[in-house]
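> Sequence first, then the predicted structure, then my questions.
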Amino acid sequence: MASGDKKVSTYVFLHLNTTCLPDDDECQITEICMFASRRNTLEQSGGHTEIPPLPRVTNKLVLCLKPDADIQEDATDVSELTNESLSHQRRFSSHTVSAMQAFLKHLEEPVCFIAHNGNTFDFAVLKAELNRIGQPAVFVPMFCADSLYAVRELDPPAEEVSFELLSSSLKRKSGDSTKTSLKRTKTAPATSTKQTPGHTSLLKKSYSSPAVPERQKRSYALREYYKDKFGMLPRNSHTAEGYCKALVTVVQTTPKFCEWANKNKQKMSTIQPA
């Protein structure tokens, strides 16, 4: 079996705080966290509907870094890091890379990075920093997967989700006969001539309930998605470690995430630097 076909043994949740926000160019890293957990541990804790405890056995590396660029105000608002607070930290360098490599070698292989919006930000910014210090080949053989795509696919705000809520509501109110009527009128349920006035009234009432619009307006940005699922913002998510922990919680409560990540993982070599 080729190494690319092997199941990932360890997931390394990666998050970067930077000098600017993702929409801006040439961000430099101000804080990096790698938070590692074995795949089997995450699979065993999956399927929760409430906030589960984090896995007991984890490994982590957290580094704060002094950037060459000024930290933009909006980035400080997110991370609470300033040029002054980082003035006595080391810059991103070959020593930073060596520390990261040593950490990764401590973990059971195969290893895969997981980052939320990683393809266009975390992985891309990391590769740009590696290019900047003349070490572009580092981490190229590593696997990576973007959890943003995972939750969009595994927990979609699709019309069929809203339709299931609607159908369930109508079934409770009107009995099993409503289900057949709904199937015939899925595209325009409120205007169908085959429905009785009672059914039309129920459909209008169901569509005006708050549950359906909430699903349709779902944000997949990690903090907002977390709040949508659990009714609160994640604790300390302004820190790279706190953000990683929030991402672990999302993974723990997303059925089939590990299966998705193993199927959709790619090599870091496919990521374009920011």
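On my side now, so go ahead.
> Isn't residue 119 up against residue 147?
No: counting by C-beta atoms under 8 Å, residue 119 stays clear of residue 147, with 10.3 Å between them. C-betas here are computed from N, CA, C, even on glycine.
> which of these two has more neighbours?
Summary of the neighbour comparison: residue 119 and residue 147, criterion other C-beta atoms under 10 Å, with residue 147 having more neighbours (25 against 17).
> Spell out which residues make up each domain of this protein.
Recorded structural domains for the chain (assignment: automatic domain parsing) are 3-155+219-270, 159-216.
> winner for burial among the ones you listed?
Mean neighbour count (mean count of other C-beta atoms under 10 Å) peaks for domain 3-155+219-270 among the domains of the chain, with a mean of 17.
> quick one: average pLDDT of it?
The average pLDDT for domain 3-155+219-270 rounds to 94.
> dump the residue contacts of the closest residue to residue 6 other than its chain neighbours.
Of all residues beyond its chain neighbours, the one nearest residue 6 is residue 110 (5.4 Å), with distances taken as C-beta to C-beta, 6 or more residues apart in numbering. Applying C-beta atoms under 8 Å, 6 or more residues apart in numbering, one finds that residue 110 lies in contact with 3, 6-10, 143.
> Reformat those residues as CSV; add secondary structure.
Compiled in CSV, the contacts of residue 110 are given as follows (DSSP: H, G, I helix; E, B strand; the rest coil):
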residue, secondary structure
3, helix
6, coil
7, coil
8, coil
9, coil
10, strand
143, strand
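> which of the residues you listed lies closest to residue 257?
Sorting the contacts of residue 110 by how near they are to residue 257, with C-beta to C-beta, puts residue 8 at the top with 11.3 Å.
> So what sits opposite the nearest residue to that closest one once chain neighbours are set aside in the bridge?
Counting by C-beta to C-beta, 6+ apart, residue 8 lies nearest to residue 112, which is 4.3 Å off, once chain neighbours are set aside. Taking DSSP bridges, one obtains residue 11, residue 143 as the residues bridged to residue 112.
> Tell me if I'm right that residue 112 and residue 7 touch.
No: between residue 112 and residue 7 there is no contact, the gap being 9.8 Å when judged by C-beta under 8 Å.
> Which parts of the stretch 51-200 of the chain are helices?
For the stretch 51-200 of the chain, applying DSSP state H, counting those that start in this stretch gives helices covering 73-79, 94-105, 122-132, 147-154, 159-174, 177-184, 197-207.
> what's the shortest one packed up against?
So the one you mean is helix 73-79. strand 10-18, strand 29-38 (3 or more C-beta pairs under 8 Å, 6 or more residues apart in numbering; DSSP states H and E).
> Kindly reformat the ones you listed as TSV containing distance to residue 130.
Conversion of the helices and strands packed on helix 73-79 to TSV gives the following (distance: least, C-beta to C-beta, whole Å):
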stretch	distance to residue 130
strand 10-18	12
strand 29-38	10
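> Quick one: closest of those to residue 156.
If we rank the helices and strands packed on helix 73-79 by C-beta to C-beta, the stretch that ends up nearest is strand 10-18, at 22.2 Å.
> Which other helices and strands does the closest one contact?
strand 29-38, helix 39-44, helix 73-79, strand 111-115, helix 122-132, helix 240-252.
> can you rerun that using 6 Å?
With contacts defined as 3 or more C-beta pairs under 6 Å, 6 or more residues apart in numbering; DSSP states H and E, the packing partners of strand 10-18 are strand 29-38, strand 111-115, helix 122-132, helix 240-252.
> Now render these as JSON lines, adding distance to residue 72.
Converted to JSON lines, those look like this (distance: least, C-beta to C-beta, whole Å):
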{"stretch": "strand 29-38", "distance to residue 72": "11"}
{"stretch": "strand 111-115", "distance to residue 72": "21"}
{"stretch": "helix 122-132", "distance to residue 72": "14"}
{"stretch": "helix 240-252", "distance to residue 72": "17"}
